[in-house]
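> Sequence and predicted structure below; questions after.
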Amino acid sequence: MLHAEPRTETDPAVHNGLIVDQFTRQAVLFAERNKLEDSLPLMLQFSGVSASDTVLDVACGPGIVACAFAAVARHVTGIDITPAMLEQARALKAERGLTNLTWVQGDVTALPFADNSFSIVVTRYTFHHFLSPEAVLREMARVCRPGGRVVVSDITPEAAKSAAYDRFETLRDPSHAHALPLGALRSLFARANLRQVEMASFGREMEFEFLLTGSFPNPGDAERMRELIHGDLGKDEIGIGAHVRDEKIFVSFPVTVIAAEKTLQEG
Ligand SMILES: C[S@@+](CC[C@H](N)C(=O)[O-])C[C@H]1O[C@@H](n2cnc3c(N)ncnc32)[C@H](O)[C@@H]1O
């Protein structure tokens, strides 16, 4: 049984303040720890990226996804609201000697780009931070050209465990909003006139204490999380498959990658 209360703040300005606060703290460790992550090869593969593509990475954070696409595409633009994350992105671009990337600071709820500007529009580990993922997906579809691809990768908890997962994740990261179960995420695509062409799901395993070292929960909440995860062993009410291996607790985040084509006829 989980007792933590979900965050109820829905004022966009206050929420964006939480985002910038969290990701200013997380920027350096997040940049280090997410380079070899499993969804990136799937995102590249499912997008069908080639040398002629112009790509937008939505809420690009430290630019890991954007730089991987830039190694193949003609040009990549990354947009994010957190300056400290964009600093990491600039450093990664320089480290890789890439010249075909542009960084923009801004809120992705209203993308500052014209309709049909990009051939591929991607985002990783972001939808659960948005107050309205549907609004962001519609914006992603708007700026994608007809026939182009939109690729989203995020945590997709089982529907029955989604509320427990949200409560737990909000303790770990107070800027968490809501992780969409797979069915809900697919419905958003359908409503945005995006026709699914590829999909894959997998578990992203991580040692629990290692996860905590890259997290910035409010005072007292790390201890609360330890209690909850210990209590969830053998139950999996939180939906991240908590289990013991080599006397350590591991969790496995359910990740999905979906790629869809923007249909030629909108509306
Ligand atoms: C978990 S990080 C993921 C970063 C990157 N997509 C990756 O996978 O490496 C979430 C990012 O979303 C950004 N973000 C959250 N809400 C945003 C918004 N409304 N507008 C722009 N960026 C946002 C944060 O600043 C942060 O960099």
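On my side now, so go ahead.
> in the stretch 51-200 of the chain, which spans are helices?
All helices of the stretch 51-200 of the chain, identified by DSSP state H, counting those that start in this stretch, fall at 64-70, 83-95, 133-143, 162-172, 182-191.
> which ones are touching residue 145?
116-119, 262 (Cβ atoms under 8 Å, 6 or more residues apart in numbering). Placement of C-beta: from N, CA and C, glycine included.
> 7 Å - rerun?
Residues in contact with residue 145 (Cβ atoms under 7 Å, 6 or more residues apart in numbering) are 116, 118-119.
> pLDDT at it, what is it?
For residue 145, the pLDDT comes out at 97.
> Could you check how far it is from the ligand?
22 Å (Cβ to the nearest ligand atom, to the nearest Å).
> deepest of the helices of the stretch 51-200 of the chain, which one?
Among the helices of the stretch 51-200 of the chain, helix 64-70 has the highest mean neighbour count (mean count of other Cβ atoms under 10 Å), at a mean of 25.
> Quick one: list the elements packing against that helix.
Counting contacts by 3 or more Cβ pairs under 7 Å, 6 or more residues apart in numbering; DSSP states H and E, helix 64-70 packs against helix 39-47, strand 54-58, strand 75-80, helix 83-95, strand 101-105, strand 118-124.
> outside of the fifth one, which residues touch it?
Outside of strand 101-105, the residues within contact range by Cβ under 7 Å, 6+ apart are 66-67, 70, 76-81, 83, 86, 89-90, 93, 112.
> rewinding a little: would you turn the helices and strands packed on helix 64-70 into a markdown table with distance to residue 226?
A markdown table is the format used below for these (distance: least, Cβ to Cβ, whole Å):
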| stretch | distance to residue 226 |
| --- | --- |
| helix 39-47 | 27 |
| strand 54-58 | 33 |
| strand 75-80 | 31 |
| helix 83-95 | 28 |
| strand 101-105 | 36 |
| strand 118-124 | 28 |
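> Quick one: closest of these to residue 27.
Checking the helices and strands packed on helix 64-70 against residue 27 by Cβ to Cβ gives helix 83-95 as the closest, at 4.1 Å.
> longest helix anywhere in this protein?
helix 12-33 (DSSP state H).
> centre of the chain versus that helix, how much separation?
Offset of helix 12-33 from its chain centre (Cα atoms, centre = their mean, to the nearest Å): 12 Å.
> Counting neighbours, which bits of that helix end up buried?
Residues of helix 12-33 classed as buried: 15-16, 18-20, 22-23, 25-28, 30-31, 33 (neighbour count, 16 or more other Cβ atoms under 10 Å).
> Would you mind listing what in the protein touches the ligand?
Within the chain, the residues that sit near the ligand (Cβ under 6 Å from any ligand atom) are 16, 19, 23, 34, 59-62, 64-65, 80-82, 85, 107-109, 124-126, 129-130.
> Next up, the contacts around the residue in the stretch 51-200 of the chain that the ligand sits nearest to.
Using Cβ to the nearest ligand atom, the closest approach of the stretch 51-200 of the chain to the ligand is made by residue 61 at 2.4 Å. Counting by Cβ under 7 Å, 6+ apart, residue 61 touches 23, 30, 80, 85.
> before we move on, what about residue 159?
Residue 159 touches 181, 183, counting by Cβ under 7 Å, 6+ apart.
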